[in-house]
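Peer 1: model this:
(one chain, ligands or ions: 1)
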Amino acid sequence: MKDLLAIRGLTSETIESILDRAAYYKTSLDNGNKCFDKLKGKLVITLFYENSTRTRASFESAAKYLGAEVVNISVASSSVQKGETLIDTALTLDAMKADVIVVRHSLAGTADAMAGCVKAHVINGGDGLHAHPTQALLDAFTIKEKFGYTKGLKAAIIGDIKHSRVARSNIYLMRTLGIDVNVYGPATLMPKGIEQLPCNVCSSMEEAVKDCNVVMTLRIQAERMKGGLLPALGEYSKAFGINRAVLAGAADDVMVMHPGPVNRGVELAYDVLDTDICYKDRQVTSGLAVRMALLDMLAGGEL
Ligand code: NCD
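Peer 2: Have a look, this model is predicted:
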């Protein structure tokens, strides 16, 4: 495997092998060991055309902990602003002998297009509404770390499914690992053709979270909306926000997940956010371990 562009098409064996390697790195990180030389002499370039805090910083930290050199291209100050095309930018980075390029873009298919024309390994850091494979992998890692297994678990993904590449990648990944997935959100924020994805479309919050071990909530992706899809945010949070009362119908061992960034009090209530059942910060640490595993395995030709 040269690139990681999406979850769809990955086998459960490939996914499990990444999660196993991530478990090794997670234990090392927990023990305070952040120094490895697996990527010594390699160059990792991050090219983010969309805003990011955790994904970009996570890739950069993961690459550095593995001993790589890292160059972050800030698109706002790059030649993209002078009219350079995406492919020309990719070829330029390839000519610099980049070993791995991590790209995020608002258009679906960007990472695929780039992967087709460069020698470097390409990792999709999120492309439009399409896919965010490393987020789904880190979510699966977090779930497996808590329960020890995935097969037979029940999950609900709640909120703005339509604009969420996180939801799409998670639906495919969870199903591949044997997790049953419910989805629920405002009708205007459900994508057309959702019935064709491997998930159960629910018609109430109660139905969606019933007996779930995992409740994943999503940010309202206002920057990806054309407008007019939602009433006031207060109304949204009353009907679709996750709070203690909503979770009463979930399994006793429920974990609440959020990919971040969180709009506090909108999709997630304060009585859940800063408590033990909310895994959002542990997801960030998982992300580091998963990206270390992925960089290690891709660059080492092990995938
Ligand atoms: C997500 C994204 O960019 O798709 N963020 C992330 O990578 N953790 C979700 C979001 O922006 O809401």
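Peer 1: backbone phi and psi for M257, please?
Peer 2: Per-residue torsions, M257: phi -120, psi 150 (degrees, to the nearest 10).
Peer 1: distance check, the residue in the stretch 1-150 of the chain that the ligand sits nearest to against V166.
Peer 2: Relative to the ligand, the nearest point of the stretch 1-150 of the chain is T55 (4.3 Å; Cβ to the nearest ligand atom). No exception for glycine: its C-beta is placed from N, CA and C like everyone else's. Separation of T55 from V166 (Cβ to Cβ, to the nearest Å): 11 Å.
Peer 1: what sits in contact with each of those two?
Peer 2: H132, Q135 (Cβ atoms under 8 Å, 6 or more residues apart in numbering).
Peer 1: okay, G228: pLDDT?
Peer 2: As predicted, G228 sits at a pLDDT of 68.
Peer 1: and the residue of the stretch 1-150 of the chain closest to the ligand, what pLDDT?
Peer 2: 96.
Peer 1: the helices in the chain, which residues?
Peer 2: 12-30, 54-65, 86-95, 110-115, 133-147, 165-176, 205-209, 233-240, 244-247, 270-273, 280-299 (DSSP state H).
Peer 1: got the buried residues for the longest one?
Peer 2: Which is helix 280-299. Buried residues in helix 280-299, counting neighbours by 16 or more other Cβ atoms under 10 Å, are found at 280, 282-299.
Peer 1: tilt between that helix and helix 12-30?
Peer 2: 120 degrees (axes from the mean of the first three to the mean of the last three Cα atoms, to 10 degrees).
Peer 1: quick one: low-confidence parts of the chain?
Peer 2: Residue ranges of the chain with pLDDT under 70: 227-228, 231.
Peer 1: residues from it in reach of the ligand?
Peer 2: Within the chain, the residues that sit near the ligand (Cβ under 6 Å from any ligand atom) are R54, T55, G126, H132, Q135, R165, V166, R219, Q221, P259, G260.
Peer 1: which one of these sits closest to L19?
Peer 2: Using Cβ to Cβ, Q135 is the member of those that lies nearest L19, at 14.0 Å.
Peer 1: contacting residues around that closest one?
Peer 2: T55, G126, R165, V166, S169, N170, P259, G287.
Peer 1: most neighbours out of those, which is it?
Peer 2: The residue in the contacts of Q135 with the most neighbours, by other Cβ atoms under 10 Å, is N170 (31 neighbours).
Peer 1: pretty sure L295 is touching F36, no?
Peer 2: No: applying Cβ atoms under 8 Å, one finds L295 not in contact with F36, separated by 10.2 Å.
Peer 1: what do those two both touch?
Peer 2: Common contacts of L295 and F36 (Cβ under 8 Å, 6+ apart): L66.
Peer 1: and for E302, the neighbour number?
Peer 2: Other residues within reach of E302, judged by other Cβ under 10 Å, total 12.
Peer 1: next, the buried residues of stretch 57-65.
Peer 2: Going by 16+ other Cβ under 10 Å, stretch 57-65 has these buried residues: S58, F59, E60, S61, A62, A63, K64, Y65.
Peer 1: ok, stretch 144-155 next?
Peer 2: In stretch 144-155, counting by 16+ other Cβ under 10 Å, buried: K144, E145, F147, T150, L153, K154, A155.
Peer 1: now do stretch 107-122
Peer 2: Of all the residues in stretch 107-122, those buried under the rule 16+ other Cβ under 10 Å are T110, A111, D112, A113, M114, A115, V118, A120, H121, V122.
Peer 1: tell me who's in contact with the fifth one.
Peer 2: Residues counted as contacts of M114 (Cβ under 8 Å, 6+ apart) are L86, I87, A90, I101, V103, V122.
Peer 1: let's see it at 10 Å
Peer 2: By Cβ atoms under 10 Å, 6 or more residues apart in numbering, the contact list for M114 reads 3, 5, 47, 86-87, 89-91, 93-94, 101, 103, 105, 120, 122, 124, 127.
Peer 1: swap in the second one?
Peer 2: In this structure, A111 makes contact with 3-6, 101-105, 122-127, 130-131, 133, judged by Cβ under 10 Å, 6+ apart.
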